[in-house]
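Colleague: Give me the fold of what follows.
(2 chains)
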Amino acid sequence: MGITKAYLKELARSISRSKTRFFSIMAIIAIGVGFYAGINATEPDMVLSADHFYKNTNLSDFRIISPLGFEEEDIRNVEKLPGIRHVQAGYFTDLFVTFDENSHIGRIYSYDPGRNNKADELNRLRVIEGRLPEKSGEMVIDMDVDIPIGTEVTVSAPKDAELSDYLKRDTFTIVGKVHSPLYINYERGQTNIGDGSIDFYAYILDDDFAMERFTELYLQTDRSKEHLAYTTAYKNHIESIAAKIEMLGKETMAEKTAEIREEILERKRELAENKTTLENELKNTERELHNRERQLADAERELEKNEIKYRSEIANARKELEDGKRQLEEGKALYEENYQKWLDGKKQYEKGLAQLEESKKQLVLAEQQLKQGRRQLNELKGGLLTIQEIERFQTAVNNLDETATEEDYLQLIVAHPLLPESLVEELEKFVLIGFQENRPIINFMLTEALNQSLGEIFRHPEFSSIPPEQQNIAMLEHLVETTEQELNTAQKKYESGLQQFEEGQKELEKARIELEQGEKELEQAKKQLEDSERELKSGEKKLNDEERKLEQSLREAREEIVKGKNELEEGWEEFRKEKEKAEKEIQKAEEDLQQAERDLEEIPDEWIVQTREGNPGYSGYGDDAERIGAIAKVFPLFFFLVAALVALTTMTRMVDEERVQIGTLKALGYGTITIASKYLIYALISSLTGAIIGLVVGYKLFPFVIMNAYGMMYDIPVKLMPFHWNYAIISVILAIVTTTVATLFAIIHELQAEPATLMQPKAPKPGKRIFLERIKPFWSRLSFSQKVSFRNVFRYKRRFFMTVLGIAGCTGLLLTGFGIRDSVNDIMGKQFSEIFLYDGQIIIDDDKLTLEDVHDLLATNSDIQDYLPVQMEKIDVEANGRTYEANLMVPLDIETFTKMIDLHERTTGKPVPLEADGVVITEKLAKLLDVGLGDTFSFINPEHIRYEVKVGGIAENYLMHYIYMPPEYYEEIANTDAVVNSAMFTIKDQENLSAQQFKEELLEHDGVLSIVFLSDIEEEFNDMMGNLNFVIIVIILSAGALAFLVLFNLTNINITERIREIATIKVLGFRDHEVDAYIFRENMLLTLVGTFLGLFLGILFHKYIIRTMEIDSMMFGQQAHPESFLWSILLTLIFTLLVNLFMHRKLKRVNMVESLKSVE
Amino acid sequence: MGYLTLENVHKSYKMGEVIIPAVRGISFEVEKGEFAVVVGQSGAGKTTVLNLIGGMDTLDEGKIIVDGRDISSYSEKMLTEYRRYDIGFVFQFYNLVPNLTARENVELATQISRNPLDVEKVLHAVGLGHRMDNFPAQLSGGEQQRVAIARALAKNPKLLLCDEPTGALDYETGKQILKLLQDTCRETGMTVVMITHNSALTDMADRVIRMKSGQVISIEKNSNPVPVERIEW
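Modeller: Presented below is the predicted three-dimensional model:
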């Protein structure tokens, strides 16, 4: 019997009756197929979209840069190469572009308006806004730059360069924003100016460039359009041509460098000549100076000699002078003595003179006394005479008696000397008047007058000493006599005195003459002394004058010498300066030459031939597409398998359920094929529908979502999502085959049975003791319901395995998804927080800065906590015929190094010390090289020297390859000290650091080439990996959806299979939650077992994917993080719970009456 | 009013757009300790009645009062409790949990009962003392039904409801099972309601309720029930 109408009806009904089953198969297949086909289509879609874009924009296949620029001839040579369709020459230079007062680094390219939109224009610009430059001074700029059209920008060259060497003008007006196919991602490349990273690109007219030679050539091959970008065919095509270009480059460069080498040689010769001339000149000057020096020394010596001579002469003269002085003093003293003596003599003389005077006076006095005495004597004699007279007169008077006549009187009276005249007159009168009458009176008067004269005589001093009673003549006479005697004695005495006096006078006279003589002599001596003194004085003065003169002349001479010396010193100084200058000049010239030589050495001996792979955007996109492809290779397949597994379970269940019906149909005479075909058709319809839905959605959704995610990073305006028949066919076949084959397997067994057997209810599977029951201590501890659950779990082995496998698959997928994310994040996380502890790196020009300079520069920087000078080099490591680029790092200080980079083993976390007898290499490199501890391998440094080194340790590392070498070991193998060309540093206060300022400050120093912060690299990398993260989230979500579906389906089957049992326990009075628990406990148990197994599956799967995805220069995190395990477990459990929640309603709705109706 | 009272109970099922009345206003009473048999043809509605009494289904109209409580007003939750504590069910196809031993099947019920009987005693009482640790598949139909009865009895319910307990058994075994039920009723004073299509079995009942087309056609009280052994069919 064939397929009847009733049969079809039955088929339709069975579909509509079991919508859940039908749709769950459909959904699960849809997800499986969609995911498989979608993820698989993503890589080709990405490649196709990019390729479309590249072809539209005529992306060049090669970019060639010559270190010396290209001449017309070079271009013609390149054009002549076989396989080259078109060559487009241009200029580019990296300059500072300033606008809005901010300076940026821009890569300025030339644009030739003449070629605009011509078919062969390479790297066509897409105008996003505005227009392309048309005349000088116009510029179009990178579309990512936030700058309004019409803005004027200023272009400037770095300090050590002239803008005019590059461009003809320095201001430009932005006329448009463009997108260059050379830049499809955020990377703008590196440069050697400013902080080293290019901020944007811009195009100006080629006429605005002032450079002589073209700096770059863009090439298109004749068959590049025939190949799809990123394909092996394209790569092979390009490689064959690349080799030719490289060859041409090498030849051209060899020619050009030979010219330069010749030039350098010429300059060297010139320098050598100049050097000799200069050196000769210097030698002459030096000789002259030496002569002058000698002369000066001679003069100085002579001066000294003269000085000594003159000084001794002066000293002699002075001594003589001193002697003269002493003699003078002596003379003076003698003179003084003589003078004193003379004075004494004079004094004596004067004394003698005084004595003589005195004696003269005494003589005079004695003479006077003598005269006096004589007079006295005379007086005495006179007195005596007088007295005698008086007496005679008295007698006469007395004799004059009455007889005397007047005349007698008168004669007596008048002539008498004794009488005073007055008396005499009076007496005369009286006598005349009457003499006899008056005679008494006259007598009286005469006596009186005589008495009186007598009295007078006695009153005389000579007589006064005589007492009056003796006053008598005798006495007087005696007195006169004695006096006379005395007078005579006195006379004699006087006379002898006079004689003596006269003698003395004579002596004195002699002495006086002597004195006068002495005085004269003294006078003479004094004069002599004064003369000699004067002489001495004048001699001294002369001497002093002479000395002064000597001093003066000495001083002058000395001054002369000092002056001479100073002049000499100046001469030397000048000489030294000149010499230094000359040396410096020579050195500089030599250095320049050396630099030129070095430059020449450094000038690559070939052109830089960049294929599209050299464009980071291009290769990054390719890598990303490839990564997706890698994920697509296995992940969706596994995904698909889980789906197929569930589909299989579902179909098996369906066949089981319809066992009786199969029997009936069979009994009714339906053929085996007819009966089977129902299920096959059912499976076919559901899986095919699912597959178609999956394809339709998957082909659009996954590539779209993923390309959109990458669109944030890559400016590829095209998103092509064609229908990929290959994946469609593969996945549809896979889907249909798995489900139908599964169905076939399920029914084949049933179909072999007799209809009668089939119509019997399938004998319930006999209960059995499970092995757990044998573990008595465990089993007896279980509650009844737990026992039941355990037994149930183990009883339905197929369900057990299906469920466990399904859940394990889901957990595994989840874990893989999370794990990939961990692995990718580990690159950054572990690399930049656990391994690289330093914050940044300063790149130094080792020609300009020495180690000391580096120390000076960094030790004083207030922001830097620690720093470590290192030698860093990009080296090539060879192994198994492949070359890997690695970084050689020679830290100068091991102790600081441990603060900068934490080298440790990945698995044990044990530190890997940097020890003197070996290098520490990073894990991935060790794996690629297939070396272990103690093994050796070799690397080639940039100077093409090969070194063999021993592996002393293998350290965890994720990004790029590193070879860490202790300085001692470096010295040992390289026979030279490490050259510091970089320094790692840590920052004190990372949070408050102004990175911009920090960079600028350091970059001000000549010789600091650039500063790189790890955080910048990290950020860049994070951006890059962020997209992969997004893809991974898509995977996780898909895995989650699958997990949910799988669980749902399996639980659903579980419940359907056991509906009677459920009804029974419901009848027994199990409350809803008890019923739930009865079923879900098993579910949970299965889920737990499945999850547990899934973790192992996930680990394996994750490892596999990592290995597939990993690129050579990176190591992905090798293990999923614990939290990913937790998440995978948790998500699976959450899904289980969700499914349980969903199933709770179903369980609640289980109709006891219906379910327990007798088995039909 | 009896221990179990049904008053004008109606129940109909919806099958698609067709409403099939299963029970149309039936009323009867069963006294405590009675062995009641509901007898009728296939489709007479007896299983529906039993399901309604057993709280497995809700009625559309009328009242069911068990031990003074109106279970017809019970919510689903209360019905679960009612089944749990007051009802023991014996099915035609035993409905043992195949994955549990005889003892465990009984334990499945006693686990949730308030005053369960001793599992082993009950199993001994049903004559399965020696096969307690066997799985249903290892037991014969009669033995399985004994387990089912033991499971129902061990709960120590107020009502023991049996739905064609011998329907799938051979004559002898069926007889033994019926005897077991009758003896249990007699010995423990348990109220038993059994449905059967076999009129011969009415002799062993204390009360016979005959049904036809969803209606009770007669209720007889049998003052002299016959021991099962003496019934032949």
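Colleague: tell me which element residue A:588 is part of?
Modeller: Assigning secondary structure by DSSP states H and E places residue A:588 in helix A:473-602.
Colleague: Now do the contacts for residue A:146.
Modeller: Residues near residue A:146 by C-beta atoms under 8 Å, 6 or more residues apart in numbering or on different chains: none. Just so you know, the C-beta spots here come from the backbone N, C-alpha and C atoms, and that holds for glycine as well.
Colleague: backbone phi and psi for it, please?
Modeller: Backbone torsions of residue A:146, given as degrees, to the nearest 10, read phi -90, psi 90.
Colleague: can you pull the pLDDT of residue A:88?
Modeller: In this prediction, residue A:88 carries a pLDDT score of 91.
Colleague: Pull the number of nearby residues for it.
Modeller: A count of nearby residues for residue A:88, using other C-beta atoms under 10 Å in any protein chain shown, gives 20.
Colleague: was I right about it contacting residue A:124?
Modeller: No: taking C-beta atoms under 8 Å as the definition, residue A:88 is not a contact partner of residue A:124, at 10.7 Å.
Colleague: Am I right that residue A:1116 sits in a strand?
Modeller: No: counting by DSSP: H, G, I helix; E, B strand; the rest coil, one finds residue A:1116 to be coil, located in no strand.
Colleague: so which strand or helix has the residue nearest the centre of chain B?
Modeller: In chain B, the centroid-proximal residue (C-alpha atoms, centre = their mean) is residue B:161; its distance is 1.5 Å. In the assignment (DSSP H and E), residue B:161 maps to strand B:159-163.
Colleague: Now do that strand: everything it contacts.
Modeller: Outside strand B:159-163, the residues touching it (C-beta under 8 Å, 6+ apart) are B:4, B:47, B:50, B:53-54, B:66, B:86-92, B:149, B:152-153, B:181, B:184-185, B:190-195.
Colleague: Surely residue A:331 is within a strand?
Modeller: No: checked against three-state DSSP, residue A:331 lies outside a strand; its state is helix.
Colleague: And it, what's its pLDDT?
Modeller: Per-residue pLDDT puts residue A:331 at 82.
Colleague: Please tell me how far it sits from chain B.
Modeller: 163 Å (C-beta to the nearest C-beta, to the nearest Å).
Colleague: ok and the residue in chain B nearest chain A?
Modeller: Distances between chain B and chain A by C-beta to the nearest C-beta are smallest at residue B:84, namely 2.6 Å.
Colleague: burial of that residue, as a residue count?
Modeller: A count of nearby residues for residue B:84, using other C-beta under 10 Å, gives 21.
Colleague: Residue A:257 too?
Modeller: Residue A:257: 18 neighbours (other C-beta under 10 Å).
Colleague: do the same with residue A:754
Modeller: By the measure other C-beta under 10 Å, the count of residues near residue A:754 is 11.
Colleague: go on, residue B:230?
Modeller: Residue B:230 has 8 neighbours, counted by other C-beta under 10 Å.
Colleague: State the three-state secondary structure for residue A:849.
Modeller: Following three-state DSSP, residue A:849 is assigned to coil.
Colleague: quick one on the thing from earlier: then the residue of chain B closest to chain A would be within a helix, right?
Modeller: Yes: the assignment for residue B:84 by three-state DSSP puts it in a helix.
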